[in-house]
Every structure is written in C-alpha cells, then in structure tokens.
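Enquirer: Test case, fold it:
(4 chains)
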There are 2 protein chains.
Amino acid sequence: MNLKELSKHLGLSQTTVSRALNGYPEVSEATRARVVAAAHANDYSPNTRAQGLATGLSRCIGHVISVGDSGEMVNPIFGDFMAGAGETYAAHGYDMMVTRVGERDEAETYRRLKARGAVDGLVMHSPRFNDSRLDLLNDLGLPFVVHGRSSGAQVPYSYLDVNNRRAFYETTRHLTGLGHRRVALLNGQEQLDFAIRRRQGYEQGMQEAGCDIDPDLMAQDEMTEDYGYRTAISMLDLPSPPTAFLVSSIICAAGVRRALDDRNLRPAKDVSIATFDDCLSYFRNSAAPPVFTAMQSSVRAAGATLARMLIDRINTPNAPHTQTLWEAEFVVGASTGPIKD
Amino acid sequence: MNLKELSKHLGLSQTTVSRALNGYPEVSEATRARVVAAAHANDYSPNTRAQGLATGLSRCIGHVISVGDSGEMVNPIFGDFMAGAGETYAAHGYDMMVTRVGERDEAETYRRLKARGAVDGLVMHSPRFNDSRLDLLNDLGLPFVVHGRSSGAQVPYSYLDVNNRRAFYETTRHLTGLGHRRVALLNGQEQLDFAIRRRQGYEQGMQEAGCDIDPDLMAQDEMTEDYGYRTAISMLDLPSPPTAFLVSSIICAAGVRRALDDRNLRPAKDVSIATFDDCLSYFRNSAAPPVFTAMQSSVRAAGATLARMLIDRINTPNAPHTQTLWEAEFVVGASTGPIKD
DNA sequence: GGGCCATTCCAAAGCGCTTTGGCAAAGTGC
DNA sequence: GCACTTTGCCAAAGCGCTTTGGAATGGCCC
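Expert: Numbers count the residues shown, from 1 in each chain, chains lettered A, B, ... in the order given. The predicted model follows:
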C-alpha cells in the first residue's frame, strides 16, 4: 500500500494524508485520527526512498568499520557499541548502515557514501594519529562525530573519548604504589590514537615513580586473547620479568591470566594485572570484587551518546563542536596486589 | 553533482549517461569511456534513493538483531558475522542495514522494513523453536535466509546451519570415551534452536554411553564469561561434581577455565573442558595444540556464505530453497584428557 | 447580506534516477 | 540507389513521497 492508494481509500488527497501522518497543523484532529488509524490498519509506512528523495534526507547513519590491512581482527567492542547507538537511532527514527572496508579503500568509501546521498551523517571509528579522514569528512561536508580523538588534527570536530591518558597514568601509579617497578604495557596498535595516549599515561606514571621504561616490557598489537597470552608468556620468560601487567582490553587480559596460569603464577599474589574494561556485555567484570582491577567505561553507553551527538549535529550543523571526555572508573579487583618481597 | 549536471557537462542526454554507466549496449564504447572518466573525475555516484525509487530496489540488506527482553547481552559473534557478510555485500554492491530491536517489537520491525521498502532482503538471526518469524517473513514476501534453523517450522526456507546436534553428540562421546561419566552441559538459552539441538546431541551421547543425565549438570543462559564461571563454580561444589564440561561458546569456556583455576583444578588433568568455537577473530583457539578441545565453525565464513545465499535468493526468488549444513571441525586441544582414577 | 478570517483540504511540481518508445545517421544487402 | 537493419543517441514518463500555492467551506462581525 502506498500513499496514493491510502488516500484514495480514505477519500482524501495525498497532501492531506501526508500532512496528517507527519503532524502538520493544517489537518483537523478528527481527520488525522482517521488517517492514522487507516495507515495502521493497512500497515502503511511511507517508502523510505521516496521520502528521502523528496526531503533530501536519508534518515540513515553510516558506520564505516575498517578492517585493517595490517590485521584481520574484528573489534570485539563493535557489537556493544552498535547496540548502544542502535537504540538511540531507533528512538529518533534513524536507520543504521554499516560498511566494512579495507583501510586502503576508506577514503573512496566515505566519498561514495556522500555522493550517493546514502547517509545523513556518520560515526568515525578508531581514529589514528593525525587522521586524514578528518579533513576528508570536513571537505565532504558530511556531519560526523568521532569515537575517540585524533591528536595532531588541525580541524575542529566533535568527539567522545575516554580520558585514556589519565586512566593509564593513574592505574600505573596504583601499581607502582603497590611496589611494582617492572610494569609491562600490553597496548593496542599504536597507530591508533587511544593507544598513543594510553602509552603516554603509562610512561608518565612510570617516570614519576622513578621506574625504568623498558622497551622489552612494552608491546602493541591487535587486542586478541592470543596476543595477551603470547606476549605475557614471552615477558614472563625474560631474565627480569614484569611483576605487573597493564593491559588495554579485557579480552587481552584474559590471555594474560591464562599465561599466568600456565606458569603457575597466581594473579594478585605473584603477578598483578590491571586492564581497561569496555564493559562488554558478554565479558563482564562486575563481580564483587571484580575479577580484574580495571579502568571501566561502557562502550555501549558511548555508542548511545555518540549517536545522540551525531543526530544533534545533523539537526544543527553549525552548532559549535562538542567535545566530551569521560573519565574511566577505576575499580580495584582481585587481580592486583602488593609486590612480593 | 547529479545526473543532470553530469550529462549537461558532457553534452549528452541523461539517458545516455545513465546507460553508459550501467553497462547497457546501446552506447558506443568511446562514449562510455568518456562518461565513465567524467563520472570519476567529478566523483559522481548515482543517488541511492533516486536509483532505488526508479528501480524499485534498495540494494540494501537488513539485519535485525533482537536484544532479548530476557537479557541484555549483545551476541559476541555479531561483529565477526557482520564482517563476513559485509565483505560479500560490498562485492555485490549491496549496503547493510542493522536494526536493533527488543523482542516484543520484532514483528512490527520486520513489517515496517518491508512496508518502507527499506531492504531487498534480510538475514534472520537466532531462530527459536518453531519460530513465528518464518511465517511472518513468508507472508511479507521479503526474501530472507536464516542463520541457523527452526525445528518444527512448517514452511520451507533457506538456511545455513552448523550440525550442532552431531557436533555435541560426538564431542560428548569423545568425553565419555575418555572415561568421563559426569559431563556437564553449559548450554545457550534453550528457547534458541541451536541450543535445543546441542542438548539433544549431548543427551544422546550420554545415553549411548550409559551415563546418567543429571539435571544438576545442565545449565542454560546467555553465553557470557560470567555465566561460565558461576555455573562451573556451583557445579564443582556439588557433592558429586562433573569431571568434564561441555560448553556452548568459547567465551563461556574461558569462564569455566577461570573457575577451575579458582578451585585449583588443572584443565585436562583434573577436569576436562570441550567447547564450541565460532572462530572469533579476537578469541582464537588456533595454537598448536589448541587451548580448548573444540568443535570449530567460523561464524565469519557463515556470514559471508549466508550473504551470498541471500543475494542469490533476491535475484531468483522462486528458486528452490537451499539448506546447507556445515559440520563443525573437531579438534583435540589441551583442555581434555582421560578421567582421573 | 457582504466582507474577512480561519479552517480544511487539494492539484501539481519536483526530488534524481531508470526506462520506454522513438528518431536520425550510418551501415548493409541486393 | 533503394529498402532495410543496426547503431547511437534523446525526450519524456514515472517511481512515491513532500511541499508550494491556491481554493472552497463555514463562521463571524458589522
């Protein structure tokens, strides 16, 4: 059933029916009620494409997820982020479009998304240091918000980020406060901005505690369980192994835990683990006490908030940019303790 | 830049430009080359909505993910599935739309997706026993494929499923073959079809081995790490605890492993763990030997294949339904061993 | 009763594309 | 050289909606 048929069925013009459904005041309440009822009964919804063509809007938000040429991992936070964002989109009548793309085709993808008029705005994921996508998106004139930040970027933009530097600084201090001087950092890929900041926080914390920053105790890669395991094993086998691990993701931390287990080391007692925790729905760290000492920030909440920010930007494109920084919540769990003497 | 402008720029009609770009034979190759070059230079892509309106197709595939009212977990396989599917879609010029919805709004969501003409087809996730969505989708006349199956469904439909029953049967037999008679099942939610089949396989395996099927050793819930941990702990604390765990997801299995660790039990030596493994990119089980004895089947490959199946269905809606059953690959890892005497 | 507002509705244009039906020009067979 | 097909292109209609610019109706005041 389309507008024409529905309006014929009601004995009204298309104009009136359209206006009734879209809440315009030129229609009497009696008529509106009649129209709405009929639309529901015939389960009519305006055709998205026709509506989009007429209004010039797609009421659709794009998410471009690059699967790095450098790796094959699908970011495990993706699902929870989408769930959060999707909720907000649904509440505001937006659809969500996901495009998977290799890193080299990124720019082309953004350009085409704009040219095709497929989306009204988009969320940029996994910003890198001085990310060229910012300039591209600004040039394209497509409203966007960034999940994270890009250090070194010249152009203004809206973002929501976690204070990664602070979180890693304070957690490092927590560990050094427990007497640890050999603290390992298992970071994410350091072309990504959040990883750079995390490392800065870690280094600052180590320096202030008067600890050596040992390259042998710093690793970076895609944050898989296996990476956590392998890296922890090889570090534990060093002549002078770390007594604490600072980890970038709870998935990784699970791998580190497994490594300790393999080496017959007990978390907290023998070796400490602290991790960043995105509060993934399938990997909760919410027992009492939590399994891991952690810096917590819900990626699902981030998705919901960023979606909201983006919708606001679409509605008022010239509003000043909003830049939000969330502090991670530090929780002490069962995975850290004072250094063994 | 739109068609009108581009054709004016080229000194050609819109018809000719459109045909040149869409590969119709009525255009000379010289003209086509000129048009394609100009389109590229001005980075023109036809407007999705206009194209869709004219053709009656959206070139977009829908994915409806229900977040059960019964729980809040976002399925961790989601990201990898999307990555696989997205690749196929991109290769065939399809967009991917994701809709997140509460279970109670499911039917309404499907109906609206159809009425709005938003998608040309969709992938149905997490089918339940005798799932009413099959009838709904058939009534709507929207091409679809199912990831999994729905036992008890009367209508024919296309699906790709893993032979869950066989996988769990054989893995149960593997465990009983190692002498285990108290094998616990940590299943997914048993309103979901795959969980029912897994349980059947488990029960058949236990029966054939002459083992009791003890309700105390069977659990079902959302497959989180925490569920694995909690359930394993409480089962291990039974007067007559299990000597082996059969687990529905590797995330869960990580929780079980942690429980063993807490109770000072060694995997394989003291208690065995076998698990289903979706080959998630961030939680690989591919070491040599694998960490877990597992039934492996890549959900990413499933995504890619289902996407392909759906596109075929859209192209030839009246073709007979394809029903594909993949056998999980059984691998023996470091988490199972003979029962302690 | 005529003039004036509100109120309530409508006809038609336009969004950017595809596609039908057709028309010149060029090529072909006899 | 004629009738014919083929080639290469175009004008215009139509997809289903929104929105502009009226127009008809009824109520009110003087």
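Enquirer: residues in contact with A:Thr88?
Expert: With contacts defined as CB atoms under 8 Å, 6 or more residues apart in numbering or on different chains, the neighbours of A:Thr88 are A:303-304, A:307-308, A:311. Every residue, glycine included, has its C-beta placed from N, CA and C.
Enquirer: The helix or strand hosting it vs helix B:78-91, what angle?
Expert: Per DSSP states H and E, A:Thr88 falls inside helix A:78-91. Helix A:78-91 and helix B:78-91 are oriented at 70 degrees to each other (axes from the mean of the first three to the mean of the last three CA atoms, to 10 degrees).
Enquirer: So for helix A:78-91, mean pLDDT?
Expert: Helix A:78-91 carries an average pLDDT of 94.
Enquirer: that older thread, let me have the contacts of A:Thr88 in CSV, extended by secondary structure and neighbour count.
Expert: Listed next are the contacts of A:Thr88 as CSV, based on DSSP: H, G, I helix; E, B strand; the rest coil; neighbours: other CB atoms under 10 Å in any protein chain shown:
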residue, secondary structure, neighbour count
A:Gly303, helix, 27
A:Ala304, helix, 20
A:Ala307, helix, 28
A:Arg308, helix, 18
A:Ile311, helix, 20
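Enquirer: Moving along the chain from the helix holding A:Thr88, name the first helix or strand you hit.
Expert: strand A:95-102.
Enquirer: ok, that next one: who's next to it in the sheet?
Expert: strand A:60-67 (parallel), strand B:95-102 (antiparallel) (DSSP bridges).
Enquirer: Could you export the first one as PDB, CA atoms only?
Expert: Coordinates of each C-alpha in strand A:60-67 appear next as PDB, following Å, rounded to 0.1, in the frame of the first residue of the first chain:
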ATOM      1  CA  CYS A  60      20.300   6.900   7.900                       C
ATOM      2  CA  ILE A  61      23.600   7.000   9.800                       C
ATOM      3  CA  GLY A  62      26.700   5.400   8.400                       C
ATOM      4  CA  HIS A  63      29.300   3.400  10.300                       C
ATOM      5  CA  VAL A  64      32.400   2.600   8.400                       C
ATOM      6  CA  ILE A  65      34.500  -0.200  10.000                       C
ATOM      7  CA  SER A  66      37.900  -0.600   8.600                       C
ATOM      8  CA  VAL A  67      39.400  -4.000   8.800                       C
END
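Enquirer: got the contact list for it?
Expert: Contacts of strand A:60-67 (CB under 8 Å, 6+ apart): A:73-75, A:78, A:82, A:85, A:89, A:94-103, A:106, A:109-110, A:113, A:118-126, A:307, A:310-311, B:83, B:86, B:97.
Enquirer: how about the strands in the stretch 151-300 of chain A?
Expert: A:158-162, A:183-187, A:218-220, A:244-247, A:272-277, A:293-296 (DSSP state E, counting those that start in this stretch).
Enquirer: what's the spacing between the fourth one and its chain's center?
Expert: The chain centroid and the centroid of strand A:244-247 are separated by 22 Å under CA atoms, centre = their mean, to the nearest Å.
Enquirer: Buried only: go through the contacts of strand A:60-67 for me.
Expert: Among those, those classed as buried by 16 or more other CB atoms under 10 Å in any protein chain shown are A:73-75, A:78, A:82, A:85, A:89, A:94-101, A:106, A:109-110, A:113, A:118-126, A:307, A:310-311, B:83, B:86, B:97.
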